[in-house]
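Asker: Sequence unavailable; structure follows:
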């Protein structure tokens with residue numbers, strides 16, 4: 001898996017694909033944990049489908065990054081994605097921001 005990224009200081013912003021599911025879950029963890037910096041923001045605005053395997057992959061990635069001294073945060077304006085995070089209570093384990101800028105700033 002190779003996803004588009006942007007770097008802002010010591011934070012990498014990763015733009016996720018339209019679908020995040022069981023087929024991409026393991027590759028997502030591998031990709032996120034292989035990046036040269038451990039502070040990541042996932043821009044999930046354009047992701048229209050997120051299944052339970054992808055949600056587990058997000059938590060697995062967070063655990064791996066925290067072990068390295070980093071963290072992962074989400075950014076989305078999508079009401080659907082925010083609702084998924086709320087219903088699954090992932091918003092209590094992952095910080096979710098309205099914008100990429102706010103998520104990047106939260107690392108300072």
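Answerer: Received, thanks. Treat the numbers as computed from the prediction; the structure is a model and nothing was measured. Residues are numbered from 1 along each chain as shown.
Asker: Kindly list the longest helix within this protein.
Answerer: In the chain, taking DSSP state H as the definition, the longest helix is helix 52-67.
Asker: tell me the pLDDT at the residue most central in space within the chain?
Answerer: Nearest to the mean C-alpha position of the chain, by Cα atoms, centre = their mean, lies residue 42 at 3.3 Å. Here the pLDDT value assigned to residue 42 is 96.
Asker: again with residue 21
Answerer: We have a pLDDT of 88 for residue 21.
Asker: likewise residue 2?
Answerer: 86.
Asker: residue contacts, it?
Answerer: Applying Cβ atoms under 8 Å, 6 or more residues apart in numbering to residue 2 gives the contacts residue 31. From N, CA and C alone the C-beta is placed, and that goes for glycine too.
Asker: helices and strands around whichever helix or strand comes after the longest helix of the chain, which ones?
Answerer: Following helix 52-67 in sequence order, the next helix or strand is strand 71-75 (DSSP states H and E). On a contact count with 3 or more Cβ pairs under 8 Å, 6 or more residues apart in numbering; DSSP states H and E, strand 71-75 meets strand 39-43, helix 52-67, strand 95-97, helix 100-105.
Asker: Partner strands of the shortest one, with direction?
Answerer: Taking DSSP bridges as the criterion, strand 95-97 sits next to strand 71-75 (parallel) in its sheet.
Asker: quick one, the helix or strand just after the partner strand and helix 52-67 angle?
Answerer: Going down the chain from strand 71-75, the next helix or strand is helix 79-87, by DSSP H and E. Here the directions of helix 79-87 and helix 52-67 differ by 70 degrees (axes from the mean of the first three to the mean of the last three Cα atoms, to 10 degrees).
Asker: Which strands and helices lie in contact with helix 79-87?
Answerer: For helix 79-87, there is no helix or strand it packs on, judged by 3+ Cβ pairs under 8 Å, 6+ apart.
Asker: Was I right to think residue 19 contacts residue 44?
Answerer: No. Look at residue 19 against residue 44 with Cβ atoms under 8 Å: they stay out of range, at 11.4 Å.
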